[in-house]
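> here is a sequence with its predicted model. Questions after.
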Amino acid sequence: MRTSEESPFANIDWITVGIYVVLVIMGWLNIYAAVYDEQHQSIFDISQKYGKQMIWILTAFILAFIILVIEADFYTVFAYAFYIFFLVLNLAVPFLGKEIKGSKSWFRIGDVGIQPAEFMKFATNLALAKFLSNQNLSVISTKRYKTLSDYIEMYKNTIVTFIIIGVPMIIILVLQNETGLALTFTAFIITLYREGLSVNYIILGFMAVLLFILSLLIPQYYFYIAFGIFFALWFYFGKHSFKIFFTKLAYVAAASVFVFSSNYLYSKLQPHQRGRIDVLLGRGEINLKKEGYNVHQSKIAIGSGGLFGKGYLKGTQTKYNFVPEQDTDFIFCTVGEEWGFVGSTLVLVLFAFLIIRIILLAERQRSEFSRIYGYGVASILFFHLVINIGMTIGVLPVIGIPLPFFSYGGSSLWEFTILLFIFLKLDAHRLYILR
Amino acid sequence: MNRYQKIQLSERKYYIIGFIVLVVLLYIIRLFYLQIITDEYKVYAQINAFEFLTEYPPRGYIYDRNGKLLVMNEPSYDLMVVPKEAKGCDTMALCDILQITKEEFIKRMTKLSLPPNSPRKQGIFEKQLSVKTYAALQEKMYRLKGFYVQVRSIRKYPKPIAAHALGYVGEVSKEKAEKDPYYKEGDYIGISGIEYSYEKYLRGKKGTRIIIKDVHNREVGRFMDGKYDTLAIPGKPLYSSIDAELQEYGEYLMQNKKGSIVAIEPSTGEILCLVSSPTYDPNMLVGGKERNKNFARLYADTINVPLFNRATQAMYPPGSTFKLIDALIGQKDGVLFPNTRYPCARGYPPMGGKPKCHPHPSPPDLEMSIQYSCNSYYSYVFKSIVENYKLWGNFENAYQHWREAVMSFGIGKKLNYDIPFEKPGNVPTIQYYNKVFGKNRWFASTVISLGIGQAELTAVPIQLANVMCIIANRGFYYTPHIIKGIGHEKYLDSTFKVKHYTYVTEREYYERVVNAMEKVVEAGTATLAKIKDIKICGKTGTAQNPHGKDHALFFAFAPKDDPKIAISVIVENSGYGGVWAAPIASLMIEKYLKRKITRPDLEKRMVEANLIKANIDYIKSGMPDKKKNITYKKRKRKQ
């Protein structure tokens, strides 16, 4: 156990803290560039977004400090409490909060908006870590269990795990209408994979996504023909037994049903979501003034950056507001335009370095709680990075989630700060955990 | 929990890290493609953020030969609107002032809001407000949110004269805009007259201002603080050779008559006036909206055809005037001498009195033949030229020689002067007659009426004025030009300074003709043209017109020994040539040389005559003297 003489900052991984600070400052510089105009140049101008963000950053630093000062055990002990608290808050938002552009996820306190859904991520991560670390059996393990009670426990664990992740996801998706934020919870699949989730499920998931995309691009009957041929070959060259025959038949039937239903599912999406998928897949006529506008403008901004960019504050596309949401979800456009290929690559590499560093830190934990939590942090950061940058460079559909540390907004900055620094505190505390 | 199993699971971190690295690498490759490999997005960024605004230079002014302003620019007011900002403006008041319906208002606003326009971008709501409308609008402007008035510059003519010579300016045609990169649709361009010929100088050079736009297409700044902007260079002023006073006077005399007056300064080739009547007020054809309306009206007037430039485009048989050229060529070829006499028996005897002639002393010598305009005499002269086998071997060669000699006087070919759409006139070719009559089946007698300027021979008024210049200059001409100089340095193209010598250059041949021409005015067919103390040399002519009264022609230059002005006057349907064309020419000469008129009675009679109406009455009455064929022919061959 930790002695009282030791500083609360002992054993902190300063490299991670350093990357965090660098990313936050780069983020602020880019928000300044995105919002910049000649009339408002003071960095503390509260009427401007960069002035506000400066305040968010300073408060985030204070928050980080507080997190580091608090005992590490606090997060372990109160993991469920955090989870329940934010769950309740998220349930309450749609009824108490203010509706902004169709999303009911904001609390407004004076001039300041708070989005509880952001904080649900670290709370869920805590709860997930707490639950998984307390179990004897891992979730959906590759291991074959010996007894029936083992199986029962495994399935029970699985169900609870999916409830922990799924409940906030459904609340945010259905009640708050925040598709992007809800999708971030799927990031925990990486944590689960590390904790024993069978790789088959991940492959199945990828296959499903692939089939979904293909079913939108290719007429359906091609699939049925392909499945038929596949099944025939599979049956002809495979083992001949009734059990296997039916298993194979079931697979193919499931795939067919999935393909059949994917178009229906697609048609049930909201029009703007369909539009975003269409834009990505190049389906039909894309109107660059409407659904295709964001991505087109984003690609223009990034593409016009060249090798070294146009220089800080010299980007015409971002400065004159051609890219929508350029200070929040599309902040990477500013990086791409003004800092060019070199700057964008640097940002990507920094993020990759941070995520990998967190994974390595997680792996060195003695406590399962810390490790699982650490993987959760890495998963969430990675998911945001992939989705956010993927949409700005036009390889993924537009999903409105922020780029960690960069995008304008207090809630997301606070959330990522809390998420990261709880882990840093846990990591600093690792030596005091008894094996 | 199984420790072995835990270790196995911890190996999964490599897959996870590997996956992360793979995704980041793919993204970097994608960025490399977007930012380094393809240029597509850099082009889009340009289109997005920069607009190349055109700065229009003022069009050059046009002055007359004495520095009087003929054409200037005037501001024109276009009502502009930014549709998005026009919410809640006083629509009724606006509709009232512009006299449009509410539906029309909505229609225009909708059009300006849809691509390629934009609700945030200004568009033209109404072109060219009248001064009255503009004033009314100014009062209500504070209630018309989103509307404002933009000033453009259009042409303005202080005096409503010289419409055909000056030409007009209008929007460039689509085809021209596509062919010539200088022009964009909607630009103004000179369409006829001087505006057309000297477009290159008058238009100046457009400038470009590069501005930076934001997403709403609003101007937010200048690119590199205007470092790459180019200034518009104003068009050069033009000094026309036209004498505004003479031009105005010519149009004054020609009112209610069809025809043309062309006056040229023989010693330079400068066109002093170019009157084509009926004419129109050039102020009718400025700008856009009014112009189109007026143009359609002028275009539809098929009786007066005011847009038709008779001075350069109407082709008439030169008639008796042509005898002067015969006389010159005949002398040069050595087949005609001052004392050569040919018989006249009220016609050309060898062909049984055809072409016919009128009573005069017979047989005339050279001088008398011009003075009395003997048809028989010039039939002989023509025959002697084209049957000069001693010189040319055969008829075809001789005819070809005659044709070339005639064309050296500037008839039947383009003179390449600086007024657009010039008509060449016609001197029939050998090929033409071979086609009509068959090879070797036509002779001098077949085409004998060419000798008296009839048959297929045609010329335009400016060419005939040019012939007067040649005689005045005794053997050469300068290409007629309507410009005195371009810009303040008064640059003049060197092609206008070249003397073009005709086939006949011997002064003595000319003197004989000139002396005879003097007698035409003194005691011949054009005594009405006589002015005290100005020696005018002239020649009347008549052009056949089967559709109404004949056209009267008169050509002259003066003074005889130091010619200052050569003039051709054609008055259509005036019947008797010497009565109308000669006095008008005489008044013009007097005006130009003396700057005052000493014969107000003659002037009054010329001005008040309405020959257009007279001709209509004549046609309505069934053209009595044309029915009697003999009288008709007699009249025609006279003079």
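Here it is on my side, so go on. Numbers count the residues shown, from 1 in each chain, chains lettered A, B, ... in the order given.
> over in the stretch 501-639 of chain B, which residue gets nearest chain A? Let me know.
Nearest residue of the stretch 501-639 of chain B to chain A (C-beta to the nearest C-beta) works out as residue B:612 at 60.0 Å. Backbone N, C-alpha and C define where each C-beta goes, glycine included.
> list the contacts of the strand or helix carrying that residue.
Here residue B:612 sits within helix B:611-620, counting by DSSP states H and E. Applying C-beta atoms under 8 Å, 6 or more residues apart in numbering or on different chains, the set of residues contacting helix B:611-620 from outside is B:256-258, B:278, B:304, B:547-549, B:571-574, B:580.
> out of those, which are inside helices?
When the contacts of helix B:611-620 are checked against helices using DSSP state H, the ones located there are residue B:580.
> can you pull the contacts of residue A:359?
By C-beta under 8 Å, 6+ apart, the residues touching residue A:359 are A:374, A:375, A:378, B:13, B:16, B:17, B:20.
> which helix or strand contains the residue lying closest to residue B:492 once chain neighbours are set aside?
For residue B:492, the nearest residue in space outside its immediate sequence neighbours is residue B:485; the separation is 5.2 Å by C-beta to C-beta, 6 or more residues apart in numbering or on different chains. Here residue B:485 is covered by strand B:483-486, with elements defined by DSSP H and E.
> which parts of the helix or strand that comes right after that strand are buried?
Proceeding C-terminally, strand B:483-486 gives way to strand B:499-501 as the next helix or strand, assigned by DSSP H and E. Of the residues in strand B:499-501, those with enough neighbours to count as buried (16 or more other C-beta atoms under 10 Å in any protein chain shown) are residue B:500.
> partner strands of strand B:499-501 and their direction?
Within its sheet, and counting by DSSP bridges, strand B:499-501 is paired with strand B:476-478 (antiparallel).
> how many other residues sit next to residue B:452?
When neighbours are counted by other C-beta atoms under 10 Å in any protein chain shown, residue B:452 registers 30.
> ok, it - contacts?
Contacts here follow C-beta under 8 Å, 6+ apart; on that basis residue B:452 touches B:319, B:320, B:322, B:323, B:355, B:375, B:378, B:379, B:382, B:637.
> nearest residue to the fifth one in space, please, no chain neighbours.
Put plainly, it is residue B:355. Closest residue to residue B:355 apart from its sequence neighbours, by C-beta to C-beta, 6+ apart: residue B:375 at 4.7 Å.
> my guess is that neighbour meets residue B:348, correct?
Yes. Contact status for residue B:375 versus residue B:348: in contact at 6.7 Å, counting by C-beta atoms under 8 Å.
> joint contacts of those two?
Listed as contacting both residue B:375 and residue B:348 by C-beta under 8 Å, 6+ apart are B:355, B:357.
> on that earlier part again, any idea how far the residue nearest to residue B:355 is from chain A?
Distance of residue B:375 to chain A, computed by C-beta to the nearest C-beta, to the nearest Å: 80 Å.
> that residue - how many residues pack around it?
One way to gauge burial is a neighbour count; for residue B:375, by other C-beta under 10 Å, it gives 29.
> kindly report the same for the one 10 residues further on.
The local packing count at residue B:385 equals 25, with neighbours defined by other C-beta under 10 Å.
> state the phi and psi torsions of residue A:304.
According to degrees, to the nearest 10, the main-chain angles of residue A:304 amount to phi -80, psi 0.
> whoops, residue B:14 was the one
Dihedral angles of residue B:14 (phi, psi; degrees, to the nearest 10) stand at phi -70, psi -40.
> so which bits of the helix or strand in which residue A:264 is found are buried?
Remark: residue A:264 resides in helix A:242-268, with elements defined by DSSP H and E. In terms of neighbour count (16+ other C-beta under 10 Å), helix A:242-268 has its buried residues at A:248, A:252, A:255, A:256, A:258, A:259, A:262.
> what of stretch B:316-336?
Applying a neighbour-count criterion of 16+ other C-beta under 10 Å, one finds B:316-333, B:335-336 buried in stretch B:316-336.
> again, but for stretch B:377-397
B:377-388, B:392, B:395-396.
> just these: which are in helices?
Filtering these for helices - DSSP H - leaves B:377-386, B:392, B:395-396.
> excluding its backbone neighbours, what's nearest residue 417?
As the question left the chain open, I've gone with chain A. With C-beta to C-beta, 6+ apart as the measure, residue A:60 is the residue that lies nearest to residue A:417, at 4.4 Å, once sequence neighbours are left out.
> chain B is the one I meant
Spatial nearest neighbour of residue B:417, chain neighbours left out: residue B:480 (4.5 Å); criterion: C-beta to C-beta, 6+ apart.
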